[in-house]
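**Student:** Take this sequence and fold it.
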Amino acid sequence: MPQQSVLSKVDNISSFLADTAGGRIPDMFGEIQSQTQVWPDAFERIPPQIEEIVNQEWFRLASSLDIVGIGSSENAAWIAALGISSARVCVQPSTSYHPVSDVMVAISQSGESTDTIEAVEYGKQRGIHVIGVTAAANSALYRLADATILLDVPRENAIAATVSMTTTVLALQMLLARFAGTEYESRQGIGDELQSLIASQSERGSALHSLRLLLEPAQYIAVLGDGPYVGVAREVALKIRETTGVIAEGMNAREYRHGPMEVLASPRLAATGVRRALILFESELVKAEAVLGFYGGLERKYRGTPYEFTLIRVGVGRAATGHDVVLPGVGAFNPNLAVVFCGQLVAYELALRHGIVPGTSEVLSKVVVGT
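**Tutor:** Next up, the predicted model:
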C-alpha cells in the first residue's frame, strides 16, 4: 500500500513543515500583507540613502549604470529600468555580467547570492564602483559595495520573495529617477490603498478570484507582457512556479514567434494533454493589432483541438475595457508594481487550491512534494 502524500491534508503539511523548519511555518500571506506598512516607510527611509549616493563624485561622473541581479532581483531591475526610459542603464543577469559602465548596481535581497557576489568581485577587480541594494546589513554585498541602499524590510521566511522584491523596485525607481535628473514623487496613503485592495480582492467574484479560477486547471502557464510588463510577467510566472509547482514562464509578448508560439503549438504538449493557459498583460504596445490579433487568432484556431489553450487578457486600472480580467490599479501609482502585488496574491491562492502550503521554509525545496 503506497504511503500517504504529505500534500493530502493541510494538517499533515503543517506538521511536516513544523517538524522540518523547527516549528516555524512560513506565513507568505503575512509577508505579502506587510507591504502595506513597508511601502509607505520606504518613501521615508530610502531617499536620504540615495541622496548620499547622488553626491558621490563617481556617481555624478557616470554616463550610464549596469544593473545586475538574478531571479526576482533581475525582474525588479527590468521593471524599474523599462519604467524610466530616460535613465541610461544596462540590465544584466549576474551569471553573465560584463562591465559596460563604471558603476554597477548589484541587487541581492539576502546580500549573499553567489552569482551576484561573484559579479561584484569581478567588477571591483576592474575598478568598478558598486552600489549594493540589499535587505541584509553586514552581508557580503553590504561589505563589498562602495555605497548601499539598505531596504530594511521584515525578514522573509517564505522562499518566494515578496516584500523585498517590490521594495527593491521602489528603491531602483527612486535611484534611476535621480540618475536621470528628475524627482521621484512619493505616494501618500499607499498603505491604505494596498490594504483596501487586499480586502476587496479577497471576496468571491473579485478580479483576482476570477483570474485564479481561470488558472486553476492549467498545468502550464505562459505569462506575457511588454515594456515594464516584461519584468512583471517574469516575476508573476516566478511566483506561480515557486509557490505552486505549476510550470510557468514569463515571456515578451512581442516575441511571440520565438517563445509562446513554440509552446502553444507544441505537438509534444498537445499529445500529453497538458492543459495550458496564457496570461496577456495588455499595455499600449500589446494593444497593437499585430500582437493582440496573433494571440486571439491562435486561440480561435486551436479551440476544440488538442492544442486548445485558455487566453486570459488582463487589463490594469479603471481605463481598461474589453478584458477577461481587469486588475485594480493602486491610484495612479506604479501600475506595474500593483500587478506584481496582485500576482503574489494569485500565486498564494493557487498554491492553497493545489493543496500546498505557499512559501515553504527556506530549509526545504521550493515545493514540498515528499511522501
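**Student:** same for the longest strand along the chain, what does it pack against?
**Tutor:** Across the chain, the strand with the greatest residue count (assigned by DSSP state E) is strand 309-316. Applying 3 or more C-beta pairs under 8 Å, 6 or more residues apart in numbering; DSSP states H and E, one finds that strand 309-316 contacts helix 207-215, strand 276-281, helix 289-302, strand 325-327, helix 335-353. (Each C-beta comes from the backbone N, C-alpha and C, glycine too.)
**Student:** Now the strand or helix carrying Ile67 - C-alpha only, PDB.
**Tutor:** Element membership of Ile67, judged by DSSP states H and E, is strand 65-69. Taking Å, rounded to 0.1, in the frame of the first residue of the first chain, the C-alpha atoms of strand 65-69 are listed here in PDB:
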ATOM      1  CA  LEU A  65      24.700  52.300 -15.000                       C
ATOM      2  CA  ASP A  66      24.900  48.500 -15.100                       C
ATOM      3  CA  ILE A  67      22.300  46.700 -13.000                       C
ATOM      4  CA  VAL A  68      22.900  43.100 -12.200                       C
ATOM      5  CA  GLY A  69      20.800  40.500 -10.300                       C
END
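**Student:** For it, what does the pLDDT average out to?
**Tutor:** The average pLDDT for strand 65-69 rounds to 95.
**Student:** which neighbours does that strand have in its sheet, and in what orientation?
**Tutor:** Here strand 65-69 is paired, per DSSP bridges, with strand 89-93 (parallel), strand 103-107 (parallel).
**Student:** which other residues reach that strand?
**Tutor:** Contacts to strand 65-69, defined as C-beta atoms under 8 Å, 6 or more residues apart in numbering, come from residues 74, 76-77, 80-81, 87-94, 97, 99-101, 103-108, 113, 116, 119, 123, 128, 172, 176, 179.
**Student:** Return a ChimeraX selection command for the buried portion of those.
**Tutor:** Buried subset of the contacts of strand 65-69, written as a ChimeraX selection, criterion 16 or more other C-beta atoms under 10 Å:
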select :74,76,77,80,81,87,89,90,91,92,93,94,97,99,101,103,104,105,106,107,108,113,116,119,123,128,172,176,179
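**Student:** The residue nearest to Leu264 when sequence neighbours are not counted and Pro217: what is the separation?
**Tutor:** Nearest non-adjacent residue to Leu264, counting by C-beta to C-beta, 6 or more residues apart in numbering: Phe309, 5.7 Å away. Distance, Phe309 to Pro217, using C-beta to C-beta, to the nearest Å: 11 Å.
**Student:** Give me the more crowded residue out of the two.
**Tutor:** Phe309 (25 against 10; other C-beta atoms under 10 Å).
**Student:** Does the residue nearest to Leu264 touch Lys301 like I think?
**Tutor:** No. Phe309 lies out of contact with Lys301 (C-beta atoms under 8 Å); the separation is 10.6 Å.
**Student:** I'd assumed Ile128 was in contact with Asp146.
**Tutor:** No. In this structure Asp146 lies outside contact range of Ile128 using C-beta under 8 Å: 9.1 Å.
**Student:** where in this structure is pLDDT low?
**Tutor:** 1-26, 85-86, 185-189, 256-260, 262, 283-290, 317-323, 328-334, 359-371 (pLDDT under 70).
**Student:** tell me the domain ranges of it?
**Tutor:** Annotated domains of the chain cover 34-179, 194-353 [automatic domain parsing].
**Student:** tell me the contacts of Ala106?
**Tutor:** Counted by C-beta under 8 Å, 6+ apart, Ala106 has contacts 68-69, 94, 116, 119-120, 123, 130-133, 141, 145.
**Student:** same thing with Gly273?
**Tutor:** When contacts are counted by C-beta under 8 Å, 6+ apart, Gly273 touches Pro306.
**Student:** okay, and the common contacts of Phe309 and Pro217?
**Tutor:** Common contacts of Phe309 and Pro217, defined by C-beta under 8 Å, 6+ apart, comprise Ala277.
**Student:** Next one: the residue nearest the centre of the chain from Ser266, what distance?
**Tutor:** Nearest residue to the geometric centre of the chain (C-alpha atoms, centre = their mean): Glu235, 2.7 Å. Relative to Ser266, Glu235 is positioned 24 Å away (C-beta to C-beta).
**Student:** can you check Asp102 too?
**Tutor:** For Asp102, the distance to Ser266 - C-beta to C-beta - is 44 Å.
**Student:** go on, Ala62?
**Tutor:** For Ala62, the distance to Ser266 - C-beta to C-beta - is 44 Å.
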